[in-house]
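Chemist: what follows is a predicted protein model with its sequence.
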Amino acid sequence: MAVHNENHTKRLSLRLATAAIAMFGFGFALVPLYDVFCDITGLNGKNFNQGPIQISTVDESRTVKVQFITVNPGNMPWNFEPTERSIRVSPGEDRQTVFYAKNPTTNWMVAQAVPSVTPSEAAPYLHKVNCFCFERQPLEAGADTEMPLLFIVDPKLPEHISTITLSYALYDLTDNQKVTQVKPNKDKGRARL
Amino acid sequence: MATVDVDLPHVKEDDPHHHGPARGLGRWLYTTNHKDIGSMYLIFSLCMFMIGGIMALIIRAELFQPGLQLVEPNFFNQMTTMHGLIMVFGAVMPAFVGLANWMIPMQVGAPDMALPRMNNWSFWILPFAFLILLSSLFMPGGAPNFGWTFYAPLSTTYAPESVTFFIFGVHIMGASSIMGAINIIATILNMRAPGMTLLKMPLFVWTWLITAFLLIAVMPVLAGVVTMMLMDIHFGTSFFNAAGGGDPVLFQHVFWFFGHPEVYIMILPAFGIISEIIPTFARKRLFGYASMVYAVASIALLSFVVWAHHMFTVGMPLVGEVFFMFATMLIAVPTGVKVFNWVATMFRGSLTFETPMLFALAFVVLFTIGGFSGLMLAIAPADFQYHDTYFVVAHFHYVLVPGAIFSIMAATYYWLPKWTGHQLNETMGKIHFWLSFVGVNITFFPMHFVGLAGMPRRIPDYALQFADFNSMASVGAFIFGFSQLVFIYNVIQNVRVGEKATAQVWEGAQGLEWTLPSPAPYHTFSTPPEVK
């Protein structure tokens, strides 16, 4: 009856179905690709420079102002603020500062701070040697704590950037902690089951 | 389109192999006939168009004057969300698939679609997808209320419980679209009549071939993004949850990676329809057939690299804004080629203005207006003013209502005599056209002005200075909405009565489908025609 080749149709349909399944996978592949893209370009203010770093030269010729901002998204009830609003550092110099957090509620809670850097161009040059944002912060009811941040501004920071703003959003993870055992993935900061 | 000379296959209606349809409900449940399935797609789409239209009228009734009159804000948000979802996935896309089912086998000289059983399945899962989606209106917490773009975390952390049903519904309609697309590609590539080379195919077939590839490329990405939402909501992952190291902006990137090709999925078949109708009523060959094909292909390719123009205000670096701005503007070039080709086709043609032609002409003019406001939105620095205002609403309704919807109506009027065997009632057709044309413009043109003046979209209440234009838009919406009853009347009357249509139907019509008798027999081209 029909002139068309049944086998040819079957083969083509299978190929197209495979393409559709591959594109479903590609949708998920966009997630790591997005991180890689931000990592390479420093777009989106995402900051991946974590852990120990060797910078021997200190650029004494200029100073950079580093500002600290804290945000409590949603209904996060903690008191969370930097002890210093801004500090001047020379690029290449180790600096430590401390953030203050208090859990004013009557329940045990867990929080996670998520950093963001502005301007995003400066993000690749701000190295966090140690940061409270690397880990979840549990606090008993009514308890308070001081959370350290040790950072270095890379001397390769472009000349025209004189101010870097580091913002922390503090999220309430108490419910997640109870429901699932989510462990932070240390190298990316992305949670994994 | 190349002129198609055909050796007429003699359709013997008394041939025992050419049995008619089965009787009763079973005919529709078990059918594998492309014409039956095409009709079901079209009827389903018309029902969804009416349901989505009622939701639009609820929105416009609430916005008739400032203040909260009729519905509470949360229900208003459910209406904007459901209206968008139903019109995009329930009305426009199934209507084009229905037209493809009816026309593609007849236009390429094939006896049926390549995969008739899958065709039945891909239709019959669709009503269930929308039943699931619509049932969420009656669930505690109400239907999805986060807008049809369902940005996370609004659609994850802050979503009503019914979001899971929404996700399941999207999965089913995605599966339906992908199966439909596979079927269409297989039909076009494998079942063309001997002699019909690719560059002899009618433009409707060409545009659908390209659209089907777009569907296969992006519908799975949509399925992926809703799956990520599902995992964030129920399985404790953090794709879009900043607290767990995810990123809400990631949602927007993945969504619009699907979303921008999706808007071309809704307009490319319309380009094909218009490219069939204008030559018929201008009684000339389509001007620049090959350039039309290349223009559609380049629009489809460009659609993959412009998605972030929906997110200019999200906080993108300058280099990103510039890239997406220019890439978007580049799309105006192939689109311009198409518009000029349609105008050139009409130039010095022997024009007549039957109902399909009126809708096609309105398409060319009004779609171009929508295209221009799109260019305005593409200018990244200016977009900061327009973003999320009624200007955007005006823009996408101009390309979707007098664009996609008018093309579907043009196609229905154009091919209806072939389907039913009855000539059109031109008077009623023209009444429908003029009411729709006037209604559409009264509805959507004032939205440009309130948008530029700063009225945000998706709000149930607004500042007093927007009152006049909003009441005007509401009046227009009711004119447009109720004039669709004329359309339904026209279609039903045409099925029932009317002057017997000839095979040719329209004097200037070219192509294989017009060599078949009207109404087209249940089985056509069982012997393939010879195309020279």
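Modeler: Great, that's in hand. Numbering: from 1, shown residues only, chains lettered A, B, ... in the order given.

Chemist: tell me the first helix or strand C-terminal of whatever helix or strand B:Val399 lives in.
Modeler: For B:Val399, the host element (DSSP states H and E) is helix B:390-399. Of the helices and strands lying after helix B:390-399 in sequence (DSSP H and E), the nearest is helix B:406-420.

Chemist: on contacts alone, who are the packing partners of the helix or strand that comes right after that next one?
Modeler: Past helix B:406-420, further along toward the C-terminus, the next helix or strand under DSSP H and E is helix B:426-452. If you count contacts as 3 or more C-beta pairs under 8 Å, 6 or more residues apart in numbering or on different chains; DSSP states H and E, helix B:426-452 packs onto helix B:355-378, helix B:380-386, helix B:390-399, helix B:406-420, helix B:467-496. Quick note: C-beta positions are derived from backbone N, CA and C, even for glycine.

Chemist: run the chain-centre distance for helix B:426-452.
Modeler: Helix B:426-452 sits 18 Å away from the centroid of its parent chain (C-alpha atoms, centre = their mean, to the nearest Å).

Chemist: hang on, the earlier thing: buried deepest among the helices and strands packed on helix B:426-452, which one?
Modeler: Mean neighbours per residue, mean count of other C-beta atoms under 10 Å in any protein chain shown, is largest over these for helix B:406-420, with a mean of 25.

Chemist: my read: B:Lys284 touches B:Val343, true?
Modeler: No: with contact defined as C-beta atoms under 8 Å, B:Lys284 does not reach B:Val343; the gap is 12.0 Å.

Chemist: more crowded one of the two?
Modeler: Neighbour count, other C-beta atoms under 10 Å in any protein chain shown: between B:Lys284 and B:Val343, B:Lys284 has more, with 18 against 13.

Chemist: may I have the secondary structure class of the more buried one?
Modeler: Of the three states, B:Lys284 takes coil under DSSP: H, G, I helix; E, B strand; the rest coil.

Chemist: quick one: residues contacting the residue nearest to B:Gln385 when sequence neighbours are not counted.
Modeler: Excluding the flanking residues, the one nearest B:Gln385 by C-beta to C-beta, 6 or more residues apart in numbering or on different chains is B:Leu452, at 7.5 Å. For B:Leu452, the contact set (C-beta atoms under 8 Å, 6 or more residues apart in numbering or on different chains) comprises B:Gln385, B:Tyr386, B:Thr389, B:Phe391.

Chemist: could I get the helices and strands packed on helix B:426-452 in a markdown table, plus columns for mean pLDDT?
Modeler: Putting those into a markdown table (pLDDT from 0 to 100) gives the following:
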| stretch | mean pLDDT |
| --- | --- |
| helix B:355-378 | 96 |
| helix B:380-386 | 94 |
| helix B:390-399 | 97 |
| helix B:406-420 | 97 |
| helix B:467-496 | 96 |
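
Chemist: for A:Arg15, find the nearest of those helices.
Modeler: helix B:406-420 (30.0 Å; C-beta to C-beta).

Chemist: who does that closest one touch, helix- and strand-wise?
Modeler: For helix B:406-420, the packing partners by 3+ C-beta pairs under 8 Å, 6+ apart come out as helix B:34-62, helix B:93-108, helix B:268-282, helix B:355-378, helix B:426-452, helix B:467-496.

Chemist: what angle do helix B:406-420 and the fourth one make with each other?
Modeler: So that's helix B:355-378. 150 degrees (axes from the mean of the first three to the mean of the last three C-alpha atoms, to 10 degrees).

Chemist: what's the angle from helix B:355-378 to helix B:268-282?
Modeler: Going by the same axes, to 10 degrees, helix B:355-378 makes 140 degrees with helix B:268-282.

Chemist: any idea how many residues pack against the closest residue to chain A within the stretch 151-300 of chain B?
Modeler: Minimum separation of the stretch 151-300 of chain B from chain A (C-beta to the nearest C-beta) falls at B:Gly224, amounting to 2.6 Å. Neighbours of B:Gly224 under the rule other C-beta under 10 Å: 23.

Chemist: which residues touch it?
Modeler: Taking C-beta under 8 Å, 6+ apart, we find B:Gly224 in contact with A:Phe24, A:Gly25, A:Phe26, A:Gly27, A:Phe28, A:Leu30, B:Val254.

Chemist: can you check the pLDDT for the first one?
Modeler: Reading off the per-residue confidence, A:Phe24 sits at a pLDDT of 95.

Chemist: just the element for it, please.
Modeler: helix A:6-41.

Chemist: next, give phi and psi for B:Pro317.
Modeler: Dihedral pair for B:Pro317: phi -70, psi 160, per degrees, to the nearest 10.

Chemist: count the residues that sit near it.
Modeler: Using other C-beta under 10 Å, B:Pro317 is surrounded by 16 other residues.

Chemist: hmm, A:Ser120 and it touching each other?
Modeler: Yes: B:Pro317 lies in contact with A:Ser120 (C-beta under 8 Å); the separation is 6.1 Å.

Chemist: thinking again about what came up before, what's the helix holding B:Val399 packed up against?
Modeler: So helix B:390-399, by 3+ C-beta pairs under 8 Å, 6+ apart, packs with helix B:355-378, helix B:426-452.

Chemist: picking up where we left off before, which one among the contacts of B:Leu452 gets closest to B:His260?
Modeler: Taking the contacts of B:Leu452 together and measuring to B:His260 by C-beta to C-beta, the closest member is B:Tyr386, at 17.0 Å.

Chemist: in chain A, what residue is nearest chain B?
Modeler: Nearest residue of chain A to chain B (C-beta to the nearest C-beta) works out as A:Gly27 at 2.6 Å.

Chemist: tell me the buried residues in stretch A:99-106?
Modeler: Of all the residues in stretch A:99-106, those buried under the rule 16 or more other C-beta atoms under 10 Å in any protein chain shown are A:Phe99, A:Ala101, A:Asn103.

Chemist: who's in contact with that stretch?
Modeler: Contacts with stretch A:99-106, where a contact means C-beta under 8 Å, 6+ apart, come from A:68, A:70, A:77-83, A:109, A:111, A:113, A:132, A:137, A:139-149, A:168, A:170.

Chemist: number of residues surrounding residue 29?
Modeler: No chain was given, so I picked chain A. 13.

Chemist: right idea, wrong chain: chain B
Modeler: Applying other C-beta under 10 Å, we find 10 other residues in the vicinity of B:Leu29.

Chemist: nearest residue to it in space, please, no chain neighbours.
Modeler: Distances taken as C-beta to C-beta, 6+ apart put B:Trp124 closest to B:Leu29, at 7.5 Å, once the chain neighbours are dropped.

Chemist: state whether that neighbour is indeed within a helix.
Modeler: Yes: note on B:Trp124: a helix contains this position according to three-state DSSP.

Chemist: what about it, distance to chain A?
Modeler: For B:Trp124, the distance to chain A (C-beta to the nearest C-beta, to the nearest Å) stands at 19 Å.

Chemist: with B:Gln65 instead?
Modeler: In terms of C-beta to the nearest C-beta, B:Gln65 sits 35 Å off from chain A.

Chemist: contacting residues around that residue?
Modeler: B:Ala467, B:Asn470, B:Ser471.

Chemist: shouldn't A:Gln96 be within a strand?
Modeler: Yes: with three-state DSSP as the criterion, A:Gln96 is assigned to a strand.

Chemist: where does the nearest residue to it once chain neighbours are set aside land in three-state SS?
Modeler: With sequence-adjacent residues excluded and distances taken as C-beta to C-beta, 6+ apart, A:Gln96 is closest to A:Leu150, at 4.9 Å. Secondary structure state of A:Leu150, per three-state DSSP, is strand.

Chemist: A strand includes B:Val71, no?
Modeler: No: going by three-state DSSP, the assignment for B:Val71 is coil, not a strand.
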